[in-house]
Every structure is written in structure tokens, then in C-alpha cells.
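> after the sequence you'll find the predicted model.
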Amino acid sequence: MKTRTIGTRTVSEIGLGGMPMSIEGRPDEARSIATIHAALDAGVTLIDTADAYHRDANEVGHNETLIAKALATYGGDTSHVLVATKGGHLRPGDGSWTLDGHPDYLKRAARESLRRLGGDAIGLYQFHRPDPEVPYADSVGALVELLDEGIIEMAGISNANPEQIRLAQEVLGGRLVSVQNQFSPAFRSSLPELELCTELGLAFLPWSPLGGIGRAGEVGTRFDAFQRIADAHAVSPQQVTLAWELALSPRVIPIPGASRPESIQDSVLAGELTLSAQEIAELSGTSA
């Protein structure tokens with residue numbers, strides 16, 4: 001598989017989003033682990049998670065624990081795999097989401113994530129979502145301390161606007177390496193952030209790059225151009241979607257979620273799909 005970079009690490013062009021394996025409607029553990037193993041077999045070396053990827057209140061970090069178990073049972077070398085996790089977005093267990101961007105909380109959450117994931121340090125730790133009750137610089141300041149203490153190797157942010165990206169880069173003293181925002185054919189409002197990441201040399205990690213849980217299968221029906229171009233290449237519209245996102249910038253690394261081996265196996269093939277300039281322009285001009 002082709003590669004791209006996040007900070008000092010080289011990773012696969014396509015990552016794996018772990019969220020669908022741990023929230024409502026999740027598969028059993030055996031299928032989830034088989035999905036992660038299939039991703040590794042296919043050459044995926046970036047796995048995205050968060051401590052909030054769980055269903056019930058008493059299972060915080062479910063997805064982190066699942067990923068750690070899958071890596072431990074893989075049977076092959078996983079030392080080159082980058083696990084990216086996040087903190088600051090919480091699920092009380094009733095289906096809702098809450099925020100806590102206080103520095104003390106983020107530092108505790110990172111240490112708990114490290115405990116679940118194992119190892120000496122978290123490869124990439126990302127502030128999950130801005131907390132309006134806490135100055136953004138204060139939240140990002142927790143990442144500075146975590147970097148300096150060696151709890152995390154690299155720092156990123158998620159769900160950030162251009163102003164916050166620039167502020168985070170300033171607070172981190174130039175050590176910001178990634179931004180993870182929602183981006184897909186149905187959600188293109190993060191294009192300015194994608195372009196800024198390209199300008200600053202930061203990795204841009206689109207979450208829900210196929211439209212989100214339960215919507216990934218609708219790409220071809222919602223957007224005719226994606227289906228038409230997929231038919232021309234004899235591939236799935238999901239592959240076309242990811243190939244289009246990769247073509248937008250060399251800093252883009254999509255992280256499609258998956259809960260079946262077949263899903264991630266199909267997604268990985270997007271890295272081998274070359275779209276023409278005309279096709280890219282057509283897809284970029286498509287709207288819902």
C-alpha cells in the first residue's frame with residue numbers, strides 16, 4: 001500500500017476507524033478483531049480510536065481495549081502500526097455526548113488511554129472536540145505537557161476550525177502534526193481546514209469519509225457522479241470516494257470506519273485507484 005506521513009511516522013494512505021466496532025449496533029468481539037486483523041493483513045498501519053468509542057457508561061475505552069487485544073493477538077509484527085486516540089469528548093452511556101476540555105481531565109484521560117493501549121507512550125493523541133467552557137489554548141496546553149512528559153509521542157486536534165488550528169500550532173510550538181475533521185461527499189464544510197493543513201504540512205484525517213455509520217452504502221445513490229465513475233472503473237463508489245479524497249491533497253489520510261473485514265478490504269483498494277483530473281473536478285463539483 002502507498003504511504004503518507006503524520007509527523008515523524010510513515011503510515012498507510014488509508015487508515016481504519018474503530019468507532020463502529022464499539023458503539024450501538026456493534027458486532028461481536030470475534031468479528032471486530034477479525035476486521036482489525038484483515039486491515040493489518042491489507043497493509044493498514046493507522047488505526048483511529050477514542051476513549052469515548054463505547055456504548056455503555058461502564059465501558060469507557062472499549063474500543064481502545066479492543067484494538068490493544070487485536071494487536072496483541074495478530075501474530076505478526078505490529079511495531080510499525082500507529083494507534084491514534086482522542087480525549088475530551090465523553091459518552092455518559094445514554095447515547096448522548098458531553099465535553100470536558102479541562103487540562104487536568106485531558107491529562108488523566110491520556111494516562112488511562114495509555115494504560116488500556118499498552119506500550120511506553122501513545123503514538124498520536126488528539127484533543128477530541130473544543131469545550132466552550134474552557135479556553136482552547138488551555139486545553140491544547142495539556143497536550144504540551146503530555147508531550148514533554150513522554151506520555152504521548154505526537155499531538156493532534158479534532159473538530160477544529162482554521163483559527164483553532166493556527167492557535168494549536170502556536171501553543172504546541174510547531175509540534176501539531178494532525179487535524180481530524182469530518183469530511184465526505186455529503187459534508188464538505190471542512191475544505192478550508194483541509195487546505196490549511198496542506199499549507200502547514202499537517203496530516204488531515206477525514207472522519208466519516210464515506211458519510212458516516214449507516215450512510216456509507218448510500219454514496220452511489222446519493223451522488224450520481226460517484227456511482228457513474230465507479231462503474232467506469234469497475235470498482236465500488238466507496239473506493240471512488242476515498243480515492244477522490246486522497247487526490248485532494250497529499251496530506252489527506254481517510255480513516256473509514258469498518259465492522260466487517262470485507263469493508264476495510266474494499267476501502268484499502270482505493271489507494272490503487274487513479275482518477276483523472278476531469279473525474280476529480282467532476283466529483284469536487286458534485287453536491288447533494
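On my side now, so go ahead. The shown structure was predicted, so the numbers you read here are calculated from the model rather than taken from an experiment.
> quick one: the strands in the stretch 151-288 of the chain?
With strands called from DSSP state E, counting those that start in this stretch, the stretch 151-288 of the chain shows them at 152-158, 176-182, 203-207.
> the shortest one: how far from the chain's middle?
Chain-centre distance of strand 203-207: 6 Å, with Cα atoms, centre = their mean, to the nearest Å.
> same for that strand, what does it pack against?
Using 3 or more Cβ pairs under 8 Å, 6 or more residues apart in numbering; DSSP states H and E as the contact test, the elements touching strand 203-207 are strand 3-6, strand 152-158, strand 176-182, helix 191-200. From N, CA and C alone the C-beta is placed, and that goes for glycine too.
> with the second one instead?
Using 3+ Cβ pairs under 8 Å, 6+ apart as the contact criterion, the neighbours of strand 176-182 among helices and strands are strand 82-87, strand 122-127, strand 152-158, helix 162-171, helix 191-200, strand 203-207.
> avg pLDDT for the stretch of helix or strand residue 109 belongs to?
According to DSSP states H and E, residue 109 maps onto helix 103-117. Averaging pLDDT along helix 103-117 yields 98.
> re earlier: residue 79: which of the helices and strands packed on strand 203-207 is closest?
Closest of the helices and strands packed on strand 203-207 to residue 79 is strand 152-158, at 13.2 Å (criterion: Cβ to Cβ).
> other residues contacting that closest one?
With contact meaning Cβ atoms under 8 Å, 6 or more residues apart in numbering, strand 152-158 is reached by 6-9, 84, 86, 110, 114, 121-129, 140, 143-144, 146-147, 164-165, 168, 172, 175-181, 203, 205, 207.
> with stretch 88-107 instead?
Residues contacting stretch 88-107 (Cβ under 8 Å, 6+ apart): 24, 50, 52, 54-58, 60, 87, 109, 127-134, 136, 138-139, 141-143, 145-146, 151.
> and those, which are buried?
Using 16 or more other Cβ atoms under 10 Å as the burial test, the contacts of stretch 88-107 include 50, 52, 54-55, 60, 87, 109, 127-131, 134, 136, 139, 141-143, 146, 151 as buried.
> return the subset of these lying in strands.
When the buried ones among the contacts of stretch 88-107 are checked against strands (DSSP state E), the matches are 87, 127.
> next step: the buried ones among the contacts of stretch 88-107 restricted to helices.
Among the buried ones among the contacts of stretch 88-107, the ones falling in helices (DSSP state H) are 109, 136, 139, 141, 142, 143, 146.
> could you measure the first one against residue 169, distance?
From residue 109 over to residue 169 the distance is 22 Å, taken as Cβ to Cβ, to the nearest Å.
> burial count for residue 103?
By other Cβ atoms under 10 Å, 18 other residues sit near residue 103.
> sec struct for residue 20, please.
At residue 20, secondary structure determined by DSSP: H, G, I helix; E, B strand; the rest coil is helix.
> tell me the contacts of it?
26, 213, 257, 258, 259.
> lowest-confidence member of those residues, which is it?
Lowest pLDDT among the contacts of residue 20: residue 213, 82.
> wait, that one sits on residue 263?
No - under the criterion of Cβ atoms under 8 Å, residue 213 is not in contact with residue 263, lying 11.3 Å apart.
> name the residue in those two with the higher neighbour count.
Neighbours per residue (other Cβ under 10 Å) separate residue 213 from residue 263, with residue 263 holding more: 21 against 15.
> from residue 208, how far out is that one?
Separation of residue 263 from residue 208 (Cβ to Cβ): 14 Å.
> same question, residue 96
19 Å.
> those two - which one has more neighbours?
Between residue 96 and residue 208, residue 208 has the larger neighbour count (other Cβ under 10 Å), namely 21 against 8.
> per-residue pLDDT, that one?
With respect to pLDDT, residue 208 has a value of 96.
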